[in-house]
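Colleague: Provided below are the primary sequence and the corresponding predicted coordinates.
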Amino acid sequence: MPVSLTVTDLSLRKGYNLLISKLNVSISSGEAVSLTGENGVGKTTLLRTLAGFQTPESGAICATENDVQIESDIWWSQHVHFLGHHDALSPARTVAQELEFQASYLGGDVTKVAPLKLQTLMDLETRYLSAGQKRRLSCARLLMARRVLWLLDEPMAPLDVAHRELLAGLMQAHLAQGGMIIAAVHDALPFATRGLRLERPAREVAGV
């Protein structure tokens, strides 16, 4: 069923700083957007806002399915995955325990994560994993519980070439199944995306 997300006149602040001013963008089933811009321009803040973790200064975020608006709480809890810089793993859990926890929390299916090739890591506590292994483990949540929108913050950064190709294939499969992706990136993703570059807004002038 066709799903779309529309952002209208969105303005975001971090502290007293206006990061994003009156942003307009939309994305529909099967589309991917590459989010670019200088460090500190607001890419992570935008992703966190779209995930429902932060409140915008102004503007609207509207998700629809078959042209029917989806309630915000339902959208964020049932239709969105956010994968940030921090991998959000418990250091004392083994990989197997972490997968079971995430599956229970998300209502997911652990058997769906096989493409990530984590089998040889199952008995290791997550504190002993490399940065790339932690990222693959974090990506498991994307596969075990289907969500239409993936919000990804530098998803390829800690991965080697082989695992970047693996993740790229999983992202393309998600799009082919009607999913949507918004990914903050420095380097271009290895498949076609629509670009959205964030620029710093003009300095605010008191009284204007």
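Modeller: Sure thing, it's come through.
Colleague: do you know how far residue 112 is from residue 154?
Modeller: 24 Å (Cβ to Cβ, to the nearest Å). Every C-beta, even on glycine, is put in place using the N, C-alpha and C of the backbone.
Colleague: again, but for residue 43
Modeller: According to Cβ to Cβ, residue 43 stands 9 Å off from residue 154.
Colleague: if you count what's nearby, which of these two comes out ahead?
Modeller: Each of residue 43 and residue 154 has its neighbours counted (other Cβ atoms under 10 Å); residue 43 has more, 25 against 17.
Colleague: can you tell me the closest non-neighbouring residue to the more buried one?
Modeller: residue 184 (4.0 Å; Cβ to Cβ, 6 or more residues apart in numbering).
Colleague: give me the pLDDT for the residue most central in space within the chain.
Modeller: For the chain, residue 151 is the residue whose C-alpha lies nearest the centre (Cα atoms, centre = their mean; 1.7 Å). Looking at residue 151, its pLDDT stands at 98.
Colleague: just the residues contacting the one helix or strand it maps to, thanks.
Modeller: Residue 151 is part of strand 149-153 when elements are defined by DSSP states H and E. Applying Cβ atoms under 8 Å, 6 or more residues apart in numbering, the set of residues contacting strand 149-153 from outside is 3, 5, 27, 43-44, 47, 50-51, 63, 79-85, 142, 171, 174, 179-184.
Colleague: cool, stretch 181-192 as well?
Modeller: By Cβ under 8 Å, 6+ apart, stretch 181-192 touches 27, 31-36, 43-44, 46-47, 50, 149-157, 164-165, 168, 171-172, 174-175, 193, 196.
Colleague: ok, and for it, which residues are buried?
Modeller: 181, 182, 183, 184, 185, 189 (16 or more other Cβ atoms under 10 Å).
Colleague: what about the strands in the protein?
Modeller: 3-14, 17-28, 32-36, 58-65, 68-69, 80-83, 149-153, 180-184, 194-197 (DSSP state E).
Colleague: noted, bye for now.
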